[in-house]
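> any chance you can model this:
(2 chains)
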Amino acid sequence: MITRLRMQVGLLLGAGALAIAAPAAAHHSAAAAYDETKKVEAQGTVTRILVKNPHSWVFLDSTDDKGQTIEWQIEMGGVPSMAWAKDGLPIGATVKVAGHPSRAAGSHGITGATFAKPDGTPIGPRGGRGEYTPR
Amino acid sequence: MRRTITPLTGGGMLAAAIVLMAVAGQRLPAVTAQSAPAAAAAAAIPDLAGIWDGTRRAHPINGPNVPWARTVPEGALLPDGSKADKTYKSNFPVLNERALAFQKIFDEPLSPKYDCQPSTPPALEFDPFNMELVQWPDRVLLRYEKDDQLRTVWLDGRQPTSRNYAVQGFSVGRYEGNALLVETTHYVFDVTGFDDYNGIPSSQQKKIKERYWRDGEQLKVAVTVEDPMFLREPASYTMRYLPAAKGYKLQPFDCDPEAARLSVQFIPPKYK
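Numbering: from 1, shown residues only, chains lettered A, B, ... in the order given. Now for the predicted structure:
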């Protein structure tokens, strides 16, 4: 199934243009909320970042085929893994994201996300992989 | 029930304890000028203190196959830092019918962690954060970054009463040889108390026995969990911590309710 959205949003069953990271964080079962067999890509504007424990969140505004604004809610790792995000994902920046889509019908969640600039340049360590790293 | 701790240095915690004990009119523990037998006993106490790295550098992190698994791929990193080989045997808990029934009806959004309720061992140990172990004469403090949890292991012989049920239970311990032995009881019921990935609950009869010892630069912990309400027999695992980076200080977890609960909206409802 492929869903085309105006802002280059695609639900892909094959390989994505951006590498997909392992799902973030060990706080909960990502498989309950996200379909790790599928991939989704989106492009949008960063509107908010929540750098918190247990998990951080990045919010992107995009539009669908009908011109309706949709908000992508992207689940990341906890605070220790997000030091790069303040500079890497400034509010108002346009970025690409790729990851696993949320399961609930009509929802717009992503996990295991990697980020890139519109030209494809990766943002953050390993593309901002939403994962804890050794400190 | 949730206990929130403010990071303190080891010296700060000791100073705070001295002030509190002085206010309470208690005698301070003898940490100097010990008698010969006491000095000999003190010399026998293993040095386990330090800030210990519990991230994926030390061991695999919490998941459906951690800390226990029926099978693992050959070569996979195990919680004790070794690699699985062909002789790997399942250490997955043997569940009774009550536990199986709970597993069947378990619905992920029920998990208390989505509301920032703190986890207990094993989950407390396997989310990728650091832990500090502090040794005082009458107690050992286990301070976890994860969920800002503090466990106190009493060494002075006191025993729990009916008023001591708590999220982290009540821990007593003693030193034996090169190890610290800890036994914890008086947990409260937790719908994911044994496993927040496989939905295994724990009851007020949960008992955890731990043995901490140094193995080179590693801190090893052998853990046995029991609970006749849900487990047919005890289950065990051994894990390791590694020394945290020099100068590292525990960071507050400060669980955020919005961040903790947001992903629940993405879980398709199991029940109408």
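> pull the helix or strand with minimum mean pLDDT from chain A.
strand A:4-5 (a mean of 38; mean pLDDT, DSSP states H and E).
> tell me where the model's unsure across the stretch 51-200 of chain B.
Applying pLDDT under 70 to the stretch 51-200 of chain B flags no residue at all.
> which stretches in it count as strands?
Along the stretch 51-200 of chain B, counting by DSSP state E, counting those that start in this stretch, strands occupy B:131-135, B:139-144, B:149-154, B:170-176, B:179-185, B:190-195, B:200-202.
> so for residue B:242, which of these sits nearest?
strand B:131-135 (11.0 Å; CB to CB). Heads up, the C-betas are built off the backbone N, CA and C, glycines and all.
> which residues of the stretch 101-250 of chain B lie near chain A?
B:108, B:111, B:113-114, B:116, B:126-130, B:196-197, B:244-245, B:248 (CB under 8 Å from any CB of the partner chain).
> take the residues you listed and keep only those in helices.
Under the assignment DSSP state H, these contribute residue B:126 to helices.
> for the residues of the stretch 101-250 of chain B next to chain A, work out which two are farthest apart.
That would be B:108 and B:245, which, of these, are the farthest apart (CB to CB) at 34.4 Å.
> compare neighbour counts for these two and give me the winner.
The neighbour count for residue B:108 versus residue B:245, taken as other CB atoms under 10 Å in any protein chain shown, is higher for residue B:108 (20 against 12).
> can you pull the contacts of that one?
A:28, A:29, A:32, A:33, B:199, B:264, B:267, B:270 (CB atoms under 8 Å, 6 or more residues apart in numbering or on different chains).
> verify the stated contact: the fifth one with residue B:103.
When you say that, I think you mean residue B:199. Yes. Between residue B:199 and residue B:103 there is a contact under CB atoms under 8 Å: 4.9 Å.
> contacts only, for residue B:107.
Applying CB under 8 Å, 6+ apart to residue B:107 gives the contacts B:270, B:271.
> quick revisit: how about the strands of the stretch 51-200 of chain B in a markdown table, adding mean neighbour count?
Output for the strands of the stretch 51-200 of chain B, formatted as a markdown table (neighbours: other CB atoms under 10 Å in any protein chain shown):
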| stretch | mean neighbour count |
| --- | --- |
| strand B:131-135 | 21 |
| strand B:139-144 | 21 |
| strand B:149-154 | 20 |
| strand B:170-176 | 18 |
| strand B:179-185 | 19 |
| strand B:190-195 | 23 |
| strand B:200-202 | 25 |
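> tabulate these (TSV), appending distance to residue A:38.
Compiled in TSV, the strands of the stretch 51-200 of chain B are given as follows (distance: least, CB to CB, whole Å):
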stretch	distance to residue A:38
strand B:131-135	36
strand B:139-144	35
strand B:149-154	36
strand B:170-176	44
strand B:179-185	42
strand B:190-195	26
strand B:200-202	28
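> which residues touch the spatially closest residue to residue A:85 that is not a sequence neighbour?
Excluding its sequence neighbours, the residue lying closest to residue A:85 (CB to CB, 6 or more residues apart in numbering or on different chains) is residue A:49, at 5.7 Å. The neighbourhood of residue A:49, defined by CB under 8 Å, 6+ apart, consists of A:56, A:57, A:58, A:59, A:85, A:86, A:89, A:91.
> so residue A:49, which of the three states?
Following DSSP: H, G, I helix; E, B strand; the rest coil, residue A:49 is assigned to strand.
> so what's it scoring on pLDDT?
At residue A:49, the predicted lDDT confidence score is 97.
> also residue A:65?
For residue A:65, the model assigns a pLDDT of 83.
> all helices of the chain, in order?
Picking chain A for this. Using DSSP H, helices in chain A cover A:30-33, A:85-88.
> my bad, the chain I had in mind was chain B
B:10-23, B:36-44, B:97-105, B:123-126, B:257-261.
> distance from the fourth one to the middle of the chain?
Mean-position distance between helix B:123-126 and its chain equals 6 Å (CA atoms, centre = their mean, to the nearest Å).
> what does that helix contact?
Residues contacting helix B:123-126 (CB under 8 Å, 6+ apart): A:26, B:54, B:59-63, B:66-67, B:79, B:113, B:118, B:131, B:144, B:146-147, B:149, B:192, B:195-196, B:221, B:223, B:239.
> one step back: just the buried residues out of the contacts of residue B:108, in PyMOL syntax.
Selection of buried members from the contacts of residue B:108 for PyMOL, criterion 16 or more other CB atoms under 10 Å in any protein chain shown:
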select buried, (chain A and resi 28+29+32+33) or (chain B and resi 199+264+267)
